[in-house]
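*Asks:* Got a predicted model here, sequence first, then my questions.
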Amino acid sequence: MFNPDTITRFNNTETPFYYYDMGVLNQTLQACHNASAKYGFHVHYALKANFNPKVLDMVRSFGFGADCVSGNEVKAAVEHGFSKTQVVFAGVGKSDKEINLALDTDIFCFNVESVQELYIINELAKAKNKTAKVAIRINPNVDAHTHHFITTGLDENKFGVNTWQLSEVIEALRACPNIQFLGVHFHIGSQITDMEVYKSLCIRINEIQTWFEDHGFTVKVLNAGGGLGVDYHNPDTNTISDFESYFKVFKDFLNVRADQEVHFELGRALVAQCASLVSRVLYVKNGQKKNFLVLDAGMTELIRPMLYQAYHEIENLTQKSQPQTRDLKYDVVGPICESTDCFRKDVDLPESFRGDLIAVRTAGAYGEVMASGYNLRDRVQSVYSD
Ligand SMILES: *Cc1c(COP(=O)(O)O)cnc(C)c1O
């Protein structure tokens, strides 16, 4: 990702910035496309992971659809050339304004998260003399075996309809003439690397689809959501997620009917590895027990470590080319006035100095999109390999 020319370029660039390796993005998208297309699966890109315009353009060029979680994401997807027939819209708290915008856009499908939401969409669609296409987001009570901060498919989570509410759902569907039932939707969490979890999900999807069929509904769409993880520990040696195994689980275990469409919504696995947050060391504090590297980037540029206890590889790009230096342990911290503004503790790094370039790796997903203006910080910039 960082050849000497790139580092020379960084030396002349104001930090902090997100560095996008467009070659890595292209290869990742190609791998996902190849692995899904051979089974005829439809992939929607979850915009919330990264809506950088250059990223969106490349994602769209592979023919992926858009998975949106706000009205503005629906708008951004269409503005960036995603076909409205490939836009899906999820979210536990869709406002009337957002629903109306999606109705006016004639999106492919609302992923509906409660019975009450079904009635509201029906009412708003009726006022426009339209029919809204919906999939019901069902909480399958499958444990994603991921960090509890980012699991969404258990009964106690706020997302989706629980299975014991399904009879209420069909009652509502029958009572709502301005709703067209397309199918079922699931999304059980993020950063999932254990394929057994997806196997369990397939088994639950099969049961739930049979339940709908037994009640007289045709299930045209099975949407399995996203959540495929990436290797935060080995960004250089394991850059591309195992899309082949991922899609094969669904090919092997999902009971797909004739004329049925299988949909996915991947975010992190498509964009995480293509970007790093690059910053400079402002100060080195050598304590008696601890050394600190104070960077010019912090939680205002990348909040994942502080928000989810997320792990990121951290590299000193300046000292990397001088292998004779000794390794020290540093707490790598940001400049923000919060004690939690720490990227990682006890990081092994070559002895580091003011002005060194530090890369925080695997920062393409849920990085730049969560940047904030706290402390009235400048908006983080983006730099592209091309
Ligand atoms: C966030 C989200 C996704 C994407 O999740 P990743 O873990 O980034 O793949 C997919 N579907 C829904 C409904 C989401 O909210």
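*Replies:* It's in.
*Asks:* which parts of the stretch 251-386 of the chain sit against the ligand?
*Replies:* Neighbours of the ligand within the stretch 251-386 of the chain, by C-beta under 6 Å from any ligand atom: Glu265, Leu266, Gly267, Arg268, Ala269, Ala365. C-beta: built from backbone N, CA, C; applies to glycine.
*Asks:* Now do the phi/psi pair for the residue of the stretch 251-386 of the chain found nearest the ligand.
*Replies:* Nearest residue of the stretch 251-386 of the chain to the ligand: Gly267, at 2.6 Å (C-beta to the nearest ligand atom). Main-chain torsions, Gly267, degrees, to the nearest 10: phi -120, psi -80.
*Asks:* I'd guessed it sits against Val43; true?
*Replies:* No: assessed by C-beta atoms under 8 Å, Gly267 is found out of contact with Val43, at 10.8 Å.
*Asks:* Any regions of the chain where pLDDT drops low?
*Replies:* Within the chain, the ranges that satisfy pLDDT under 70 run 146, 148-156, 323-324.
*Asks:* Just the helices from it, written as ranges.
*Replies:* Secondary structure of the chain (DSSP state H): helices at 4-11, 22-37, 53-61, 71-79, 96-105, 115-127, 166-175, 195-214, 243-253, 268-271, 304-308.
*Asks:* measure Ala90 to Val134 for me?
*Replies:* 11 Å (C-beta to C-beta, to the nearest Å).
*Asks:* okay, and the common contacts of those two?
*Replies:* Shared contacts of Ala90 and Val134 (C-beta atoms under 8 Å, 6 or more residues apart in numbering): Phe110, Asn111.
*Asks:* contact partners of the biggest strand by length in the chain?
*Replies:* When the chain is parsed with DSSP state E, its longest strand is strand 275-286. With C-beta under 8 Å, 6+ apart as the test, strand 275-286 has contacts from 1, 10, 13, 15-21, 50, 291-297, 301-302, 317, 335, 352-364, 367-368, 380, 383.
*Asks:* Which among those residues count as buried?
*Replies:* Using 16 or more other C-beta atoms under 10 Å as the burial test, these include 1, 10, 15-21, 50, 291-297, 301-302, 317, 335, 352, 356-364, 367-368, 380, 383 as buried.
*Asks:* Show only the entries of those found in strands.
*Replies:* Those of the buried ones among the contacts of strand 275-286 lying in strands (DSSP E): 17-20, 291-295, 357-360, 383.
*Asks:* For those, work out which two are farthest apart.
*Replies:* Tyr20 and Asn291 (30.7 Å; C-beta to C-beta).
*Asks:* just to revisit the earlier point, any chance of JSON lines for the ones in strands among the buried ones among the contacts of strand 275-286, columns distance to Phe343?
*Replies:* Formatted as JSON lines, these follow (distance: C-beta to C-beta, whole Å):
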{"residue": "Phe17", "distance to Phe343": "16"}
{"residue": "Tyr18", "distance to Phe343": "15"}
{"residue": "Tyr19", "distance to Phe343": "16"}
{"residue": "Tyr20", "distance to Phe343": "19"}
{"residue": "Asn291", "distance to Phe343": "14"}
{"residue": "Phe292", "distance to Phe343": "11"}
{"residue": "Leu293", "distance to Phe343": "9"}
{"residue": "Val294", "distance to Phe343": "11"}
{"residue": "Leu295", "distance to Phe343": "7"}
{"residue": "Leu357", "distance to Phe343": "14"}
{"residue": "Ile358", "distance to Phe343": "9"}
{"residue": "Ala359", "distance to Phe343": "11"}
{"residue": "Val360", "distance to Phe343": "6"}
{"residue": "Val383", "distance to Phe343": "19"}
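*Asks:* Walk me through the domains of this structure.
*Replies:* 4-17+273-384, 22-272 (automatic domain parsing).
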